[in-house]
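Asker: Following is a predicted model, sequence given first.
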Amino acid sequence: MRRSAIHEMSHGETPLVPLARTQPDQSWPDAQPPVPDDQEGRIRAALRFTGRSLPAVRIEWLRRYYEHLIAHLLIPFEAQCAVDIDIPQSLASGVTVVALLDPDKITSPDSSGLVCRVRDRLGENCVPLVDLEVEEGHVNGQLLEDYWYWIWNWRFDPRI
């Protein structure tokens, strides 16, 4: 009669048991953390910020928001330039966002926030991301709304 492998082990050895395949959980490196329900919670998550009040818009935080948006925005996408900004007439009819520009490669990023390259019927231009709008229910809508909220409300030090 054949003895099992467990019985053939010497005293003190631990038997090797094949592991069953499991579904990924939150401990897996590529698992996504749950998205907070509140806007400021989503912004804190995007910035990887743990403080109480959101941080003021500065280049270091723009870099983090840029990384978040590059990872989550679906580009290209259709958008409209906000009606209350001074834009070339051709952009007023709508644009296609084709790229989000690295904040380290634009001049004075703190004043305009993140900038994107847009294409219209006449060519390409650069427009601050905060000046773009998408239709309600757009797949990028929540991401853009959260960014807009942060950039407009924390552009200057909120303690002043």
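Answerer: Yep, that arrived. Residues are numbered from 1 along each chain as shown.
Asker: Could you point out the helix or strand that follows the worst-scoring helix or strand of the chain on mean pLDDT?
Answerer: Counting by mean pLDDT, DSSP states H and E, the weakest-scoring helix or strand in the chain turns out to be helix 5-8, with a mean of 42. Using DSSP states H and E, the helix or strand that directly follows helix 5-8 along the chain is helix 39-47.
Asker: what sits up against that next one?
Answerer: Counting by Cβ atoms under 8 Å, 6 or more residues apart in numbering, helix 39-47 makes contact with 33, 35-36, 49-51, 54-55, 61, 64-65, 68-69, 142, 145-147, 149-150, all of which sit outside it. All C-beta spots, glycine's among them, are computed from the backbone N, C-alpha and C.
Asker: Mind checking what helix or strand follows it in sequence?
Answerer: Once the chain leaves helix 39-47, the next helix or strand it forms, by DSSP H and E, is helix 59-72.
Asker: what angle sits between that following helix and helix 39-47?
Answerer: Relative orientation of helix 59-72 with respect to helix 39-47: 90 degrees, computed using axes from the mean of the first three to the mean of the last three Cα atoms, to 10 degrees.
Asker: Tell me the helices and strands packed up against the helix or strand just after helix 59-72.
Answerer: Remark: after helix 59-72, the chain's next helix or strand is strand 77-81, criterion DSSP H and E. Contacts of strand 77-81 with other secondary structure elements, assessed using 3 or more Cβ pairs under 8 Å, 6 or more residues apart in numbering; DSSP states H and E, are made with strand 95-100, strand 132-133.
Asker: Could you say which one of those strands comes nearest to Gly123?
Answerer: If you check each of these against Gly123 by Cβ to Cβ, strand 95-100 wins as the nearest, at 10.7 Å.
Asker: how about that closest one: buried residues?
Answerer: 95, 97, 100 (16 or more other Cβ atoms under 10 Å).
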